[in-house]
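Q: predicted structure and sequence below. I'll ask about it afterward.
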Amino acid sequence: AITGVAARRIIDSRGNPTVEVDVVLADGSLGRAAVPSGASTGAREAVELRDGDPARWHGKGVDRAVSHVGGEIAAAVRGRDALDQAGLDAALVALDGTPAKSRLGANAVLGVSLAAAKAAAASLRQPLYRYLGGESAHLLPLPMMNIVNGGAHADNPLDFQEFMIAPVGAETFAEAVRMGSEVFHTLRRDLLAAGHSTGVGDEGGFAPSLRTAEEALDFVTAAIERTGYRPGADIGLVMDPASSEFFRDGVYDYAGEGVRRTSAEHVEYLAKLLDAYPVVSVEDPMAEDDWEGWRELTARVGDRCQLTGDDVFCTDEALVREGIRTGVGNSVLVKVNQIGTLTEALSTVATAHEAGWTVVVSHRSGETEDTTIADLAVATGCGQIKTGSLSRSDRTAKYNQLIRIEEELGDAARYAGGSVLRRA
Ligand code: PGA
Ligand code: ZN
């Protein structure tokens with residue numbers, strides 16, 4: 001049973017405050033979880049409660065969320081069985097009582113939900129991925145490594161937010177990390193040689209002053225080749241344009257490139273990029289408010305490319321059901337803090353899998369050293385994770401945890417590779 005629940009304010013990878021929760025059980029087991037934070041958030045995400053006092057933390061304080069954990073939430077969950085995650089999460093949702101967890105704050109609720117799961121796993125002396133995924137959890141995810149940052153994650157003119165590499169041809173997860181690291185370092189040399197800055201953005205990818213997606217894709221493709229790998233066969237390209245960020249008044253406004261595209265022109269442009277480059281997956285190709293455009297693109301290229309919904313679904317099961325029903329994408333990005341409890345996130349995963357859709361477990365651009373999502377990717381067997389570049393410890397912590405999990409699973413471990421990209 002849960003005997004103690006405490007929260008503290010720590011800082012995330014951008015130096016902003018966030019919530020960390022400790023849950024302690026009667027047998028002394030401790031579960032600790034830190035809550036991540038997005039920058040290009042979806043409009044329908046669960047509410048991250050911020051104090052809004054401009055005199056402290058530039059308004060980003062989380063003192064109210066922290067006090068909700070130690071006060072109201074602790075009082076409500078003390079004595080509950082931590083092994084009953086569904087019951088605990090239902091109680092948290094009911095206690096908050098609002099549709100988007102705006103009263104207690106999704107950052108307060110999620111911290112307790114995740115810390116309780118980790119305490120339960122510790123109590124059973126099981127690794128988290130096994131506690132949540134059972135004995136059969138053995139699939140190591142294909143990593144989508146974000147090596148060029150733009151959009152809201154960098155101060156360069158790139159309109160698209162993320163350019164990633166996915167080692168589809170690796171034999172093991174550890175090898176996938178080696179391949180990614182090698183390409184990352186080749187890219188660094190190439191950018192330097194071309195006179196670009198090699199400073200990194202929020203997710204540890206380079207943030208050179210490029211203007212178009214083609215320029216970024218050319219650099220990445222060349223780096224893959226120059227490292228000795230085949231673009232496509234060994235390493236696939238993945239993009240997250242984060243299109244909601246530059247969709248204004250019904251138009252896709254490429255400010256960096258200096259071009260405006262209608263929804264139909266934006267679809268056309270994306271289809272051309274898919275023809276020209278070995279792109280295996282695109283996240284948020286269309287804006288969260290452009291479901292019609294989403295449907296058009298899915299009908300056009302959904303049979304040859306994974307189209308993953310992030311802002312458009314916000315890890316919300318009901319929105320995912322609507323997407324499945326209406327042909328919006330074929331894959332779901334899962335960010336636990338978009339929905340606020342572990343049980344709801346797992347239920348979204350199950351709904352996607354039942355429909356033959358794929359799932360990508362994801363970090364946020366504001367992260368901590370917490371590695372829960374690495375275990376979650378293995379537990380769900382979804383076979384895909386997006387957790388940033390090959391630099392910044394907030395990103396590499398997740399890769400390192402997956403290396404440990406692969407080692408621990410030994411002969412039972414399987415690396416998903418490119419086979420997971422399509423389930424149908
Ligand atoms: P965020 O962005 O964590 O800054 O919201 C990540 C993404 O769009 O996938
Ligand atoms: Zn995204």
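A: Received, thanks. Ligands and ions are numbered 1, 2, ... in the order given.
Q: would you mind listing what in the stretch 251-400 of the chain touches ligand 2?
A: Contacts of the stretch 251-400 of the chain with ligand 2, taken as C-beta under 5 Å from the ion, map to 283-284, 310. C-betas here are computed from N, CA, C, even on glycine.
Q: ok, 8 Å please
A: Neighbours of ligand 2 within the stretch 251-400 of the chain, by C-beta under 8 Å from the ion: 283-284, 308, 310-311, 333, 362.
Q: quick one: contacts for the spatially closest residue to Glu367 that is not a sequence neighbour?
A: Using C-beta to C-beta, 6 or more residues apart in numbering and skipping residues adjacent in sequence, the residue nearest Glu367 is Asp394, 4.0 Å away. For Asp394, the contact set (C-beta atoms under 8 Å, 6 or more residues apart in numbering) comprises 12-13, 204, 367-369, 388.
Q: so Asp394 is in which element?
A: Using DSSP states H and E, Asp394 maps to helix 393-409.
Q: do the same with Gly323
A: With DSSP H and E as the criterion, Gly323 is inside helix 317-326.
Q: quick one on the thing from earlier: ok, and does the helix holding Asp394 reach over to ligand 1?
A: No: Helix 393-409 stays clear of ligand 1 (C-beta under 6 Å from any ligand atom), getting no nearer than 11.8 Å.
Q: which one of the residues of the stretch 251-400 of the chain next to ligand 2 is nearest Leu421?
A: Thr308 (10.2 Å; C-beta to C-beta).
Q: which pLDDT value goes with the residue nearest to Glu367?
A: Model confidence at Asp394, expressed as pLDDT, equals 98.
Q: and Arg422, by the same measure?
A: 68.
Q: what of Thr221?
A: If you check Thr221, the pLDDT there is 98.
Q: what's around the residue lying closest to it once chain neighbours are set aside, how many residues?
A: Of all residues beyond its chain neighbours, the one nearest Thr221 is Pro231 (4.9 Å), with distances taken as C-beta to C-beta, 6+ apart. For Pro231, the count of nearby residues is 19 (other C-beta atoms under 10 Å).
Q: and the helix holding Asp394, what's buried?
A: Buried residues in helix 393-409, counting neighbours by 16 or more other C-beta atoms under 10 Å, are found at 394-399, 401-403, 405-406, 409.
Q: could the residues you listed go into JSON lines alongside distance to Val320?
A: Formatted as JSON lines, the buried residues of helix 393-409 follow (distance: C-beta to C-beta, whole Å):
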{"residue": "Asp394", "distance to Val320": "27"}
{"residue": "Arg395", "distance to Val320": "26"}
{"residue": "Thr396", "distance to Val320": "30"}
{"residue": "Ala397", "distance to Val320": "28"}
{"residue": "Lys398", "distance to Val320": "23"}
{"residue": "Tyr399", "distance to Val320": "27"}
{"residue": "Gln401", "distance to Val320": "26"}
{"residue": "Leu402", "distance to Val320": "25"}
{"residue": "Ile403", "distance to Val320": "31"}
{"residue": "Ile405", "distance to Val320": "27"}
{"residue": "Glu406", "distance to Val320": "29"}
{"residue": "Leu409", "distance to Val320": "29"}
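Q: and the next element down the chain from the helix holding Asp394?
A: Downstream of helix 393-409, the next assigned helix or strand under DSSP H and E is strand 414-415.
Q: of the buried residues of helix 393-409, which is the nearest to Pro241?
A: Arg395 (20.1 Å).
Q: pretty sure that closest one contacts Gly201?
A: No: the criterion here is C-beta atoms under 8 Å, and Arg395 misses it with Gly201 at 11.0 Å.
Q: against Val62, how distant is Val238?
A: Computed as C-beta to C-beta, to the nearest Å, the Val238 to Val62 distance reads 32 Å.
Q: in what helix or strand does Ile10 lie?
A: Per DSSP H and E, Ile10 falls inside strand 2-11.
Q: so which other helices or strands are in contact with that strand?
A: If you count contacts as 3 or more C-beta pairs under 8 Å, 6 or more residues apart in numbering; DSSP states H and E, strand 2-11 packs onto strand 17-25, helix 63-68, helix 74-77, helix 106-123.
Q: mean confidence score for that strand?
A: Mean predicted lDDT for strand 2-11 stands at 98.
Q: ditto for stretch 296-306
A: Stretch 296-306 shows a mean pLDDT of 97.
Q: report the buried residues of it.
A: Across stretch 296-306, burial judged by 16+ other C-beta under 10 Å covers 296-298, 300-302, 305-306.
Q: and stretch 148-165, by the same measure?
A: For stretch 148-165, a neighbour-count test (16+ other C-beta under 10 Å) marks 148-154, 156-165 as buried.
Q: residues contacting Asp81?
A: Applying C-beta under 8 Å, 6+ apart to Asp81 gives the contacts 1-2, 87-88.
Q: and the most centrally placed residue in the chain, its phi and psi?
A: Nearest to the mean C-alpha position of the chain, counting by C-alpha atoms, centre = their mean, stands Ser362 at 1.8 Å. Dihedral angles of Ser362 (phi, psi; degrees, to the nearest 10) stand at phi -130, psi 150.
Q: just the pLDDT at it, thanks.
A: 99.
Q: relative to Arg50, how far out is the residue nearest to Glu367?
A: 20 Å.
Q: cool, and Val336?
A: Going from Val336 to Arg50 by C-beta to C-beta gives 18 Å.
Q: can you list the residues of the chain near ligand 1?
A: Counting by C-beta under 6 Å from any ligand atom, the chain sits next to ligand 1 at 38-41, 161, 240, 242, 310, 362, 364-365.
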